[in-house]
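K.L.:
need a structure here:
(2 chains)
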Amino acid sequence: QKEVEQNSGPLSVPEGAIASLNCTYSDRVSQSFFWYRQYSGKSPELIMSIYSNGDKEDGRFTAQLNKASQYVSLLIRDSQPSDSATYLCAVKGTGGFKTIFGAGTRLFVKA
Amino acid sequence: KAGVTQTPRYLIKTRGQQVTLSCSPISGHRSVSWYQQTPGQGLQFLFEYFSETQRNKGNFPGRFSGRQFSNSRSEMNVSTLELGDSALYLCASSLGLAASDEQYFGPGTRLTVT
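P.N.:
The predicted structure is shown next:
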């Protein structure tokens, strides 16, 4: 079982719609969760971090965390073609544990 | 504040050679992690350094090594290059080792082994 799992996609949504990206993780002691966006040929860019159960909103982005279900998601409202990229979920535990990345979900926003 | 910088950006080497990649973290960041990214394997963790000490290591052969200097700058070295080492090598820096410390990536070094 992979430590951090994401649907590889591609996920295709029309412009203006809500894109929902999901991630599950296997290590129950995981403490911190991060979403990165990576455009083709570029390096990952941090979008959001979330540490507590519930929702965290930042502009058009909302991260949702459910530690009991070992599930974290990213919602992108009013999706734009410029949001087309690969979205990476990352998980980190305590005590100096390394950050584990999922394989990423490719998102296409159709104009 | 300047971001993470990596040099060189592109590199072409021949099988059997060795290569050294450099990473300068964001000012004030003391932790540096290295990752290998390939289309088939995604982002694979290589190692993490903090205060000049390797704190974590991924599942890579001993040909991959690294170090960190007192100014937090880091280098990674790959000896006896193989074709499969062709990849994007990414460096990420963070304030420290706390779980909440966010990692910020540099632009990467694209290594091609022929």
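
K.L.:
how about the residue sitting nearest the centre point of chain B, what does it touch?
P.N.:
Centroid check for chain B by C-alpha atoms, centre = their mean gives B:Trp34 as the closest residue, at 3.1 Å. If you count contacts by C-beta atoms under 8 Å, 6 or more residues apart in numbering or on different chains, B:Trp34 has them with B:23, B:45-48, B:66, B:74, B:76, B:89-92. Using the backbone N, CA and C atoms, a C-beta is placed for each residue, glycine as well.

K.L.:
gap between it and A:Pro14?
P.N.:
39 Å (C-beta to C-beta, to the nearest Å).

K.L.:
What pairs with the one helix or strand A:Leu88 maps to, parallel or antiparallel?
P.N.:
Using DSSP states H and E, A:Leu88 sits within strand A:85-92. Paired neighbours of strand A:85-92 in the sheet (DSSP bridges): strand A:32-38 (antiparallel), strand A:100-101 (antiparallel), strand A:105-110 (antiparallel).

K.L.:
how about the first one as PDB, C-alpha atoms only?
P.N.:
Extracted as PDB, the C-alpha positions of strand A:32-38 are listed here (Å, rounded to 0.1, in the frame of the first residue of the first chain):
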ATOM      1  CA  SER A  32       0.800  18.100   8.600                       C
ATOM      2  CA  PHE A  33      -0.700  18.100   5.200                       C
ATOM      3  CA  PHE A  34       0.300  20.200   2.200                       C
ATOM      4  CA  TRP A  35      -1.000  20.800  -1.300                       C
ATOM      5  CA  TYR A  36       1.400  21.800  -4.100                       C
ATOM      6  CA  ARG A  37       0.700  22.800  -7.700                       C
ATOM      7  CA  GLN A  38       3.200  21.800 -10.400                       C
END
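
K.L.:
got the contact list for that strand?
P.N.:
Residues contacting strand A:32-38 (C-beta under 8 Å, 6+ apart): A:21, A:23, A:25, A:44-51, A:61, A:63, A:65, A:72, A:74, A:83, A:85-93, A:99, A:101, A:104, B:99-100, B:102-103, B:105.
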